[in-house]
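Enquirer: I'd like to go over a predicted model; first the sequence, then the structure.
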Amino acid sequence: MLSPLDLSLISGPIPKLATAAAALALTYLAIRKNRTWWIRVLPIVVLACALVVTGLVLVVDHVWKPWPEPMPVVLAVWLGAALVALTLAAVRLRSGRWYGRAFGVLLALGVTASAVVATNAHFGQYPTTRAMLDVFRNDRVDLNDAAPPPTGVVEVPAGQKLADVWKRPANLPDKGVVTEAEIPGAFKARPAWIYLPPAYNTTPRPRLPVIVLMAGQPGSPRDWFDGGRILDNLDAYAREHDGLAPIVVVVDQLGTSTANPLCLDSKLGQSETYLARDVPAWIKHRLTVDERRESWTVAGFSQGATCSVQLAVRAPDVYGNFVALAPQPEPSLGTRQETVKAAFDGDEAAFVRVNPMDILARQRFPHTAGMVVAGRDDVTYRKADAEVFEACRKAGMDVQWKELPNNHDWNMAREGLFGSLPWLAQRTGLVR
């Protein structure tokens, strides 16, 4: 039987029940047999909360601007609902019996919890309660224990795939391991999170293909393990292929959760050098990997997807493949003018030299393969994703288009990445 911890937090009864419960709780908190309450208290509370939320949205979207997209409407609505519920509960503390006041506080907290559930359902960050509880687990293995030097390496003859010569060992581990590592370089990045498949912990060890993966912004490398469910999905793939799966190195291209150095070398930081030179050099030095460029993939979601397209055209000697999950049309801090001013002191020619869409218009990449994945309901980037795909196609790339019935969320990112694995496995020399 399905455990309650594995019930979906994204679709099905839980989000619907949470929304219904919030509506009932708000109704109870709003109703009171008092004329002054109806003509003065309730309207003032609702208006004040609406003004607070509106002001907050304006500050986030036009002053702070931690990300280029506007704040989602659903987030603003639920923020307002939670604020109204908490304010009404606080007003009710002034009168009534103690248990009535306590009940009001519990209802307000329930509305707040429902807002969290609805926000999670919108972004698809945690698909189940079990996934949410995984945040409190620490099953990462020390890098020295997870990736000791190999005592033997599986060699693959020219013209063959790894699966052609790989023999499943009797002592193959059931699961891969997750480790964490500081990758030094030109950019001050947070530690990378690394997935090593079961076949990595065998003797002799195969040289495995690599996916350098990035989360969106705001975000961190851990997001791909929480929202992206890398461990579950890569382990499932490995079980079907005798322990073989790509090594996944989830790197930090941001520096902090809300920063955006644009994956460029600019006054905002040397992010491109870090991703195109420092990260690959560290991986080749520290891990047992297939070093051929066709075995290397750069991938990402949202802002990380934009970075993957950038690196595909800025470092084609390193990355032979890319998977862009809902990319932006170009690196952006809002408008092009704002981006150029912040990164290049207003020098648009400097931006054009490194902007992937401009590069794709003037160069050809016949030896690069890629996949652009879009959410059918992504009103913000669906059209831009198609433009990126068409630009890649015209530049001679072997590029594929995939559209999923999702929004700009982790549901799309999860399905998009793991749906690309069969194609990537063939392209990178893992299987036929």
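Expert: Thanks, I have the structure now.

Enquirer: Leu56 belongs to a helix?
Expert: Yes: membership of Leu56 in a helix is supported by DSSP: H, G, I helix; E, B strand; the rest coil.

Enquirer: gap between it and Trp64?
Expert: In this view, Leu56 and Trp64 are 10 Å apart by CB to CB, to the nearest Å. (Each C-beta comes from the backbone N, C-alpha and C, glycine too.)

Enquirer: more neighbours, these two?
Expert: Leu56 (16 against 11; other CB atoms under 10 Å).

Enquirer: got the CA positions of stretch 271-280 in CSV?
Expert: Extracted in CSV, the C-alpha atoms of stretch 271-280 (Å, rounded to 0.1, in the frame of the first residue of the first chain):
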residue,chain,number,x,y,z
SER,A,271,31.3,32.7,-13.6
GLU,A,272,32.0,31.6,-17.2
THR,A,273,35.7,30.8,-16.5
TYR,A,274,34.6,28.8,-13.5
LEU,A,275,32.1,26.7,-15.4
ALA,A,276,34.0,26.3,-18.6
ARG,A,277,37.5,25.7,-17.2
ASP,A,278,37.7,25.3,-13.4
VAL,A,279,34.8,22.9,-12.9
PRO,A,280,35.8,20.5,-15.8
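
Enquirer: okay, buried residues for it please.
Expert: Under the neighbour-count criterion of 16 or more other CB atoms under 10 Å, stretch 271-280 has 271-276, 278-280 buried.

Enquirer: restricted to helices, list these.
Expert: Within the buried residues of stretch 271-280, residues falling in helices by DSSP state H are 271-273, 279-280.

Enquirer: and which of those is nearest Ile194?
Expert: Nearest to Ile194 among those: Val279, at 11.3 Å, using CB to CB.

Enquirer: tell me the contacts of that closest one?
Expert: Taking CB atoms under 8 Å, 6 or more residues apart in numbering, we find Val279 in contact with 183, 185, 192, 212, 249, 251.

Enquirer: just among those residues, which is most surrounded?
Expert: Val251 (30 neighbours).

Enquirer: phi, psi of the nearest residue to that residue once chain neighbours are set aside?
Expert: The shortest distance from Val251 to any non-neighbouring residue, by CB to CB, 6 or more residues apart in numbering, is to Ala192 (4.7 Å). Here the main-chain torsion angles of Ala192 (degrees, to the nearest 10) amount to phi -80, psi 150.

Enquirer: one more: the one 10 residues further on?
Expert: With angles defined as degrees, to the nearest 10, Thr202 shows backbone torsions of phi -130, psi 170.

Enquirer: kindly report the same for His62.
Expert: Per-residue torsions, His62: phi -120, psi -10 (degrees, to the nearest 10).

Enquirer: residues touching it, list them.
Expert: By CB under 8 Å, 6+ apart, the contact set of His62 is empty.

Enquirer: can you redo the contacts of Val279 as TSV with distance to Ala342, secondary structure and pLDDT?
Expert: Formatted as TSV, the contacts of Val279 follow (distance: CB to CB, whole Å; DSSP: H, G, I helix; E, B strand; the rest coil; pLDDT from 0 to 100):
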residue	distance to Ala342	secondary structure	pLDDT
Ile183	25	coil	98
Gly185	22	coil	98
Ala192	26	strand	98
Val212	25	strand	98
Val249	28	strand	98
Val251	22	coil	98
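
Enquirer: format those residues as TSV; extra columns: distance to Trp410.
Expert: Shown next, in TSV, are the contacts of Val279 (distance: CB to CB, whole Å):
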residue	distance to Trp410
Ile183	24
Gly185	28
Ala192	19
Val212	19
Val249	19
Val251	18
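
Enquirer: which pLDDT does the model give the nearest residue to Ala215 once chain neighbours are set aside?
Expert: Distance criterion CB to CB, 6+ apart; nearest residue to Ala215, sequence neighbours excluded, is Asp223 at 4.0 Å. Asp223 carries a pLDDT value of 96.

Enquirer: what are the buried residues along stretch 330-347?
Expert: Within stretch 330-347, the residues scored as buried using 16+ other CB under 10 Å are 330-333, 336, 339-340, 342-344.

Enquirer: quick one: which helix or strand includes Gly370?
Expert: Using DSSP states H and E, Gly370 sits in strand 369-375.

Enquirer: contacts for that strand?
Expert: Applying CB under 8 Å, 6+ apart, the contact partners of strand 369-375 are 309, 312, 320-327, 381-382, 385-386, 388-389, 392, 397-409, 412, 416, 419-420, 423, 427.

Enquirer: is it possible to mark the buried ones in these?
Expert: Buried members of these, scored by 16+ other CB under 10 Å, are 309, 312, 320-327, 381-382, 385, 388-389, 392, 397, 399-404, 406-409, 412, 416, 420, 427.

Enquirer: which ones among those residues map onto strands?
Expert: Secondary structure from DSSP state E places 321-325, 399-404 of these in strands.

Enquirer: dump those residues to JSON lines, plus distance to Trp98.
Expert: Converted to JSON lines, these look like this (distance: CB to CB, whole Å):
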{"residue": "Asn321", "distance to Trp98": "64"}
{"residue": "Phe322", "distance to Trp98": "61"}
{"residue": "Val323", "distance to Trp98": "57"}
{"residue": "Ala324", "distance to Trp98": "57"}
{"residue": "Leu325", "distance to Trp98": "52"}
{"residue": "Val399", "distance to Trp98": "65"}
{"residue": "Gln400", "distance to Trp98": "63"}
{"residue": "Trp401", "distance to Trp98": "61"}
{"residue": "Lys402", "distance to Trp98": "58"}
{"residue": "Glu403", "distance to Trp98": "56"}
{"residue": "Leu404", "distance to Trp98": "51"}
